[in-house]
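Undergrad: I'll drop the sequence and a predicted model, then ask my questions.
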Amino acid sequence: MSRIGRMPITIPAGVDVKLDGQHITVKGPKGTLEMDAHSRMTVKIDGSVITVERPSDEKSDRALHGLTRSLINNMVVGVSEGFKKNLEINGVGYKATKQGKKVVFNLGYSHPIELEEPAGITIDVPAQNQVIVSGADKQLVGETAAKIRSFRLPDPYKGKGIKYDTEHLIIKEGKTGAKK
């Protein structure tokens, strides 16, 4: 049996979970998230505990079991606590500034890059070289952070670019001039 799939999900105080067939709606202080569970999975709510069950031990059912449980757990955690990703901008003249709902990045290109905040996502710029992406939907937070990072990927030779704060860059050694 799946170790992740069989773990129960406890519903914290202030979070409301509704189950309508396979459609799951989770409401909390950080927002509302919805999802349709796979038709082969059985989702049950007993008081303040959600359990996910599978019909058989087939490989596809085992995979869907853990996936469904993780997605529901991420929804519950997202609406109660939220998710966030921290990004660092390294490089001379590289910076980010917030203008209303837009974030403007100056990353050494001939033009600034403007990014509109997606619905349900908050982008904060506490300093010129720091960007914090936060929201209730884990997938959307990660996707937005990856999009920001893709504007200027970290350079392995100089360390310039946008990277996650937990990311460790290994700086490569440049060419050495071989003399004859």
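TA: Cool, got the structure. Residues are numbered from 1 along each chain as shown.
Undergrad: Enumerate the positions of stretch 26-42 that are buried.
TA: Val26, Gly28, Lys30, Leu33, Ala37, His38, Met41 (16 or more other C-beta atoms under 10 Å). Any C-beta I mention is one placed from the backbone N, CA and C, and that applies to glycine too.
Undergrad: That should have said stretch 83-102, apologies.
TA: In stretch 83-102, counting by 16+ other C-beta under 10 Å, buried: Phe83, Lys85, Leu87, Glu88, Ile89, Asn90, Gly91, Tyr94, Lys95, Ala96.
Undergrad: just the helices in the chain please.
TA: For the chain, the helices defined by DSSP state H cover 59-80, 138-150.
Undergrad: quick one: the first one to helix 138-150, angle?
TA: Just to be clear, that refers to helix 59-80. 80 degrees (axes from the mean of the first three to the mean of the last three C-alpha atoms, to 10 degrees).
Undergrad: elements contacting helix 59-80?
TA: If you count contacts as 3 or more C-beta pairs under 8 Å, 6 or more residues apart in numbering; DSSP states H and E, helix 59-80 packs onto strand 9-10, strand 23-28, strand 31-36, strand 49-53, helix 138-150.
Undergrad: closest one to Glu117 among those?
TA: Comparing those against Glu117 with C-beta to C-beta, the closest turns out to be helix 138-150 (8.4 Å).
Undergrad: Only alpha carbons, please: show that closest one as PDB.
TA: In PDB, the C-alpha atoms belonging to helix 138-150 read as follows (Å, rounded to 0.1, in the frame of the first residue of the first chain):
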ATOM      1  CA  LYS A 138       1.300  25.400  -4.700                       C
ATOM      2  CA  GLN A 139       1.500  24.600  -8.400                       C
ATOM      3  CA  LEU A 140       0.800  28.300  -9.500                       C
ATOM      4  CA  VAL A 141       3.400  29.600  -6.900                       C
ATOM      5  CA  GLY A 142       6.100  27.300  -8.300                       C
ATOM      6  CA  GLU A 143       5.200  28.000 -11.900                       C
ATOM      7  CA  THR A 144       5.300  31.800 -11.400                       C
ATOM      8  CA  ALA A 145       8.700  31.500  -9.500                       C
ATOM      9  CA  ALA A 146      10.100  29.300 -12.300                       C
ATOM     10  CA  LYS A 147       8.900  31.900 -14.900                       C
ATOM     11  CA  ILE A 148      10.600  34.700 -13.000                       C
ATOM     12  CA  ARG A 149      13.800  32.600 -12.700                       C
ATOM     13  CA  SER A 150      13.700  31.900 -16.500                       C
END
